[in-house]
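> Here you go, sequence then predicted model.
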Amino acid sequence: MLVKVFGSAVFGVTATTIAVEVNIDKGIGYHLVGLPDSAIKESSYRIAAALKNNNYNLPGKKITINMAPADLRKEGAAYDATIAIGILAASGQVKSMKVADYVIMGELSLDGGLQPIKGALSMAIMAKEEGFKGVVLPVQNVKEAAVVDGIEVYGAENILQVIDFFDGKESLEPTVIDCQQEFNQTLDFPEFDFSDVKGQESIKRCMEIAAAGGHNIILIGPPGSGKTMLAKRLPSILPPMSMHEALETTKIHSVAGKIKESGLLTKRPFRSPHHTASSVSLVGGGSYPQPGEISLAHNGVLFLDELPEFKREVLEVMRQPLEDREVTISRAKFTITYPSSFMLVASMNPSPGGYFNDPNAAVSSSPLEMQRYLSKISGPLLDRIDIHIEVTPVPFEKLSESRKGESSKEIRNRVTKAREIQSKRFESFSNIHYNAQLSSKLIREYCQLDEVSLGLLKTAMDRLNLSARAYDRILKVSRTIADLEPSVNIASHHVAEAIQYRSLDREGWLK
């Protein structure tokens, strides 16, 4: 008897339907075809033990299983449940009338338990698009899959529950999640709040501008000046994610297996890889490509602490994703694109010892040592960072103050209003939502300067020897500062403030 059941394969962040055709005929043998990897080939042992321990058996006949499309490589143990139900349906041990209406996925334990899988959200989206009635998954994955409206999502703890479901003996209840309720959870009391930061008002202003326009930022200062403390609080002032952003972010984390018991991700991700990270771990890839840190930070913040300590080749691979806001991983037989629209926040000491030109410092560095240290970061990478700001140590008077600073909620309200202005301005563009995403052509259209502002910028360009990309960065930051006021036009004081945020272009740093 021939039975067709359906599973799903995830490539990048999208899923593809896999038809598992099971044919049982006279003879003896077990044949699995359709480019399965080793984990799938070993599934016969797991399936046999799981069925036997639940009072079912593999039929002692010739079993032929084809995984179509046959030219697409299938990977992982998540097809165990698909193949097991296909064998039982083809041998008449399970009713086969409705097995083709569902996408069935799950890894089997020897006792028949279902283990969690990766990419459940992408699978549910694909199943809905292709008209399936529902999906049957391990119970640990149902919350992320139930985010998709218009499709039934069933969670099973073991293979026996799946068998009984198709036999009509036990009715699994579909999981329903109120996405809006989860999505609207309060953001007013974040774990890291700007009210905890003493002093550093100018740096807070920088962070507000960066958040309002989605600009990349680098913090330069000695140890203990508060760089990491400030960076960790940046997500708390970013606008709440839209439903589309939340789904997009959840999908990436689902593919990477980073979602455990939670459903929809409603908080912007904050990723902070160690400086020993490899280029593959940062941008993604591997023999079985997985999203890297820059994709896991999509719609959130990527924090690179001690930037010069990262290997130069690791930092250079970020140049293209920073511009294109996506990363493409190419292999001989396929190409995968992961989204990577993130805010880069980097921090660094001004010299190897951490201090520069400070006579009171315990460890001092010469200008030559400092320049050698800074040269680890390439000019093209620095050009892609819109805001450079120096962070100075907080004096004792500020540290001992009992008065709390402005809270993240207050700052976030201003940032959200500025983002709303930008969303309205760019509503006719599908891929542009805030100022940092502006192309050179659109900068000329939306960042026009009057004569006074133009003269000020020309003087700064000549004195600081700024590149064309730095020129564009200043214009974009000026546009964001104007939006925070709010002001329709960019004024000279907006440009003057934006020029101040190019510290590494000034005399005494990289010159």
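Sure, I can see it.
> count of residues packed around residue 150?
For residue 150, the neighbour count with other Cβ atoms under 10 Å is 7. To be clear about C-beta, it is placed using only N, CA and C from the backbone, and glycine gets the same treatment.
> typed the wrong thing, it's residue 103
The tally of other residues near residue 103 (other Cβ under 10 Å) stands at 26.
> So it: helix, strand or coil?
Three-state assignment for residue 103 (DSSP: H, G, I helix; E, B strand; the rest coil): strand.
> what separates it from residue 144, distance-wise?
Separation of residue 103 from residue 144 (Cβ to Cβ, to the nearest Å): 14 Å.
> for the stretch 101-250 of the chain, what spans make up the strands?
Per DSSP state E, counting those that start in this stretch, the stretch 101-250 of the chain carries strands over the ranges 102-104, 107-108, 114-115, 134-138, 152-156, 217-220.
> nearest to residue 341, of those strands?
The closest of the strands of the stretch 101-250 of the chain to residue 341 is strand 217-220. By Cβ to Cβ, the value is 15.7 Å.
> So residue 137 is in contact with residue 117, correct?
Yes - Residue 137 is in contact with residue 117 according to Cβ atoms under 8 Å; the separation is 7.1 Å.
> These two: which has the busier surroundings?
Applying other Cβ under 10 Å to residue 137 and residue 117 shows that residue 137 carries more neighbours, namely 30 against 24.
> Dihedrals phi and psi, residue 271?
Dihedral pair for residue 271: phi -110, psi 130, per degrees, to the nearest 10.
> How is this protein divided into domains?
Following automatic domain parsing, one gets these domains for the chain: 2-167, 194-428.
> mean confidence for the longest one?
Per-residue pLDDT values across domain 194-428 average out to 86.
> first vs last residue of that domain, how far apart are they?
Domain 194-428 has an end-to-end distance of 34 Å (Cα to Cα, to the nearest Å).
> So the closest residue in space to residue 245 that isn't next to it in sequence, which state does it fall into?
Excluding its sequence neighbours, the residue lying closest to residue 245 (Cβ to Cβ, 6 or more residues apart in numbering) is residue 299, at 4.6 Å. Three-state call for residue 299 (three-state DSSP): coil.
> so who does residue 299 touch?
With contact taken as Cβ atoms under 8 Å, 6 or more residues apart in numbering, residue 299 is in contact with 241, 245, 248-249, 268-269, 341-342.
> so of these, which ones are in helices?
245, 248-249 (DSSP state H).
> May I see these organised as JSON lines, with neighbour count and distance to residue 207 added?
Output for the ones in helices among the contacts of residue 299, formatted as JSON lines (neighbours: other Cβ atoms under 10 Å; distance: Cβ to Cβ, whole Å):
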{"residue": "245", "neighbour count": "19", "distance to residue 207": "20"}
{"residue": "248", "neighbour count": "17", "distance to residue 207": "24"}
{"residue": "249", "neighbour count": "24", "distance to residue 207": "21"}
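> Could you save the residues you listed as TSV and add columns showing distance to residue 199?
TSV is the format used below for the ones in helices among the contacts of residue 299 (distance: Cβ to Cβ, whole Å):
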residue	distance to residue 199
245	33
248	37
249	33
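> Tell me the one among those nearest to residue 22.
The nearest member of the ones in helices among the contacts of residue 299 to residue 22, counting by Cβ to Cβ, is residue 248 at 35.4 Å.
> you'd agree the closest one is up against residue 291?
No - under the criterion of Cβ under 8 Å, residue 248 makes no contact with residue 291, lying 11.9 Å away.
> any chance of the strands of the stretch 101-250 of the chain in TSV, plus distance to residue 198?
Compiled in TSV, those are given as follows (distance: least, Cβ to Cβ, whole Å):
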stretch	distance to residue 198
strand 102-104	54
strand 107-108	50
strand 114-115	48
strand 134-138	47
strand 152-156	48
strand 217-220	16
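> can the domains of the chain go into TSV with extra columns for distance to residue 455?
What follows is the domains of the chain, written out as TSV (distance: least, Cβ to Cβ, whole Å):
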stretch	distance to residue 455
domain 2-167	47
domain 194-428	22
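> Indicate which one of these is closest to residue 175.
Residue 175 lies closest, by Cβ to Cβ, to one member of the domains of the chain: domain 2-167, at 4.3 Å.
> and the end-to-end length of that closest one?
In domain 2-167, first residue to last residue: 18 Å (Cα to Cα).
> can you give me the mean pLDDT across it?
Mean predicted lDDT for domain 2-167 stands at 94.
> Tell me how many other residues crowd the residue lying closest to residue 323 once chain neighbours are set aside.
Nearest non-adjacent residue to residue 323, counting by Cβ to Cβ, 6+ apart: residue 384, 6.7 Å away. By other Cβ under 10 Å, 19 other residues sit near residue 384.
> Start at 4, not 1
Got it, the first residue is 4 from now on, which makes the last one we talked about residue 387.
> need the contact list for residue 387.
219, 322, 325-326, 347, 472.
> Next one: it relative to residue 463, how far apart?
Relative to residue 463, residue 387 is positioned 19 Å away (Cβ to Cβ).
> Tell me the buried residues in stretch 482-496?
By neighbour count with 16 or more other Cβ atoms under 10 Å, stretch 482-496 contains the buried residues 482-487, 493-496.
> Where helices are concerned, which of the residues you listed count?
Judged by DSSP H, the subset of the buried residues of stretch 482-496 located in helices is 482-487, 495-496.
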